[in-house]
Each structure stands twice: as structure tokens, then as C-alpha cells.
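Undergrad: From the sequence below, what's the structure:
(one chain, ligands or ions: 1)
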Amino acid sequence: MTRTGTGPLTPDELADWYAAPPDLGSRPWVRAGFITTLDGRTTGPDGRSGSLNAGSDGDHAAFDHLRAWADVVVVGAGTVRAEGYRPLRGTALAVVSSGEVLPETLRGPAGPDAGEVVLVSGHGRTLGAREALDAVLAHGWRRVVVEGGASLLASWLAEDVVDELCVTVRPVLAGGAGPLLVPPSLSFADLRGTPTHLLLWGGDVLVRTVLR
Ligand SMILES: NC(=O)c1ccc[n+]([C@@H]2O[C@H](COP(=O)([O-])OP(=O)(O)OC[C@H]3O[C@@H](n4cnc5c(N)ncnc54)[C@H](OP(=O)(O)O)[C@@H]3O)[C@@H](O)[C@H]2O)c1
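TA: Model prediction:
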């Protein structure tokens, strides 16, 4: 049954709406957190997600909640470079790259409350999703949130390592050639996903869809 409702939600209500399955034990749970337009674009006119989630209180609330829930946030190096990621407060950050060094904004000393930052390197090649995830889990982290970008998500969806999508749908069109939430190169034998909630918050719809 799909839960439906209307925001804004309090932090406690958000935790309830986004509660992970209670019986996971030591099994990892992988969530992908994204914002998309009606035409499935993950970037707006500025070529980044900033022009999509500007003014979206619901997306900001869900994004912050997922980061606070996570042991580790996983992100592609392209997103780090585009968005100028800095170390996260209290949550670890794992950066996936074919290269051998962290993007510039993540090098050097971090603040006292900064979470650990690790590079998951393919050493000159593209990493498969399973091997990237295994490298992340080897640190002992179990609550995993993938924040993007679309290239990284595509490979994680292709290898079926994502348990759940937490997507904000901004009901606008972007057009153009920005990255799609799911690229045309990826097709599934069946329609994927079971929606577990639809939350109308401001002008956006926050959708949670379990993939298994
Ligand atoms: N709408 C949203 O929620 C959302 C979320 C995140 C990002 N974005 C936007 O999306 C754009 C970036 O998209 P993108 O598809 O280029 O992002 P991306 O996946 O973060 O970046 C691609 C780069 O990440 C590294 N990478 C990704 N997958 C890899 C793999 N399997 N193995 C090794 N390296 C891998 C590679 O970096 P190297 O070149 O270092 O090898 C690759 O060039 C940005 O403009 C950002 O603002 C939107």
C-alpha cells in the first residue's frame, strides 16, 4: 500500500516516513537520493542540480534527513567537481572515480566535525557497481546513500545494487541534453519498483520507491 500525505513534516515525521526496514540486521541498505524534472532530467539550466532544488523545502528536508540517516554518502567525482562538495558534517563521504586523487575541494584539512572522506578508485578504469559498493562496505558502513550523479546511478541500477529510490519530482520540464535519471542505454525487462510513499510538499512530490 502506498502511503500518501502532505508536507511539511517535522523531523520525527520524516524519520517515520523514511524509516528503513526494521529487520535488516547487518544487511546493508542502499538508497539513491535524487531530484528530477518531469522529463527525467537531473540538471537544470545551470547544468547542476542547484537550479532544480532551489526553493524546494521538501527536497532539502528529505536530502538532509537522508544524509543524517546515512553512515556514508557515495557520490561520483563528476558531481563533486560540479557541485564543489566539501566534507560532510558527521557523515562519511565516498567518492567514486577512475582517478587516483580526490577532487580538489576535498583535499586538505577539514573541520573538526567533518566526516571521513575516502576515494573509491578504479585505478584508471570504470568501477563496476558491486565492486564500488563492496569497497564502501569494507569500511563497515551499512547505511548507504548514493547522491549521484546520473552516470554513477546508471551503473548501480544496471547491477541492481540499489534497494530504494528517494526521488523528488519537480513538476517542470528541462529539455536539453542534461543527464537523465535513467539513461536510454539502460532498459529493464519489467517495470521496476514498488512505490511506498507519495508526499506532496510545496510544489513537489517526494516519492519513495523500493526496488526489491
Ligand atoms: N538531480 C540530482 O539529484 C543530482 C544528483 C547528483 C548530481 N547531479 C548533477 O549531475 C551532474 C553530474 O552528472 P554525472 O553523471 O557526470 O555525475 P557523476 O556520476 O557524479 O560523475 C561522473 C564521473 O564520476 C566518476 N564515476 C562515476 N561513476 C564511476 C564508476 N562507475 N567508476 C569510476 N568512476 C566513476 C568519474 O570520475 P573521473 O572522471 O574522476 O573518473 C566520472 O567521470 C552535475 O551537474 C550535478 O549537479 C544531480
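Undergrad: ok, now how distant is residue 31 from residue 102?
TA: Here the criterion is C-beta to C-beta, to the nearest Å. By it, residue 31 lies 23 Å from residue 102. Using the backbone N, CA and C atoms, a C-beta is placed for each residue, glycine as well.
Undergrad: how about residue 56, what does it touch?
TA: Contact analysis of residue 56 by C-beta atoms under 8 Å, 6 or more residues apart in numbering lists 35, 168, 170, 201, 202, 203, 204.
Undergrad: what about the helices in this structure?
TA: For the chain, the helices defined by DSSP state H cover 11-17, 50-53, 57-69, 77-83, 129-137, 150-158.
Undergrad: Worst mean pLDDT among those helices?
TA: Mean pLDDT is lowest for helix 50-53 among those, at a mean of 93.
Undergrad: so what does it touch, helix or strand wise?
TA: Contact partners of helix 50-53 among helices and strands, from 3 or more C-beta pairs under 8 Å, 6 or more residues apart in numbering; DSSP states H and E: strand 29-37, helix 57-69, strand 164-170.
Undergrad: Relative to the ligand, which of the ones you listed is closest?
TA: Minimum separation from the ligand across the helices and strands packed on helix 50-53 (C-beta to the nearest ligand atom) falls at strand 29-37, 3.8 Å.
Undergrad: So what are the sheet partners of that closest one and their directions?
TA: Partner strands for strand 29-37, per DSSP bridges, with pairing direction: strand 143-148 (parallel), strand 164-170 (parallel).
Undergrad: can you list those in TSV and add mean neighbour count?
TA: Output for the strands paired with strand 29-37, formatted as TSV (neighbours: other C-beta atoms under 10 Å):
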stretch	mean neighbour count
strand 143-148	24
strand 164-170	22
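Undergrad: Distance to the ligand for the helices and strands packed on helix 50-53 - can I get that in a markdown table?
TA: Below are the helices and strands packed on helix 50-53 laid out as a markdown table (distance: least, C-beta to the nearest ligand atom, whole Å):
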| stretch | distance to the ligand |
| --- | --- |
| strand 29-37 | 4 |
| helix 57-69 | 8 |
| strand 164-170 | 8 |
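Undergrad: All good on my end, thank you.
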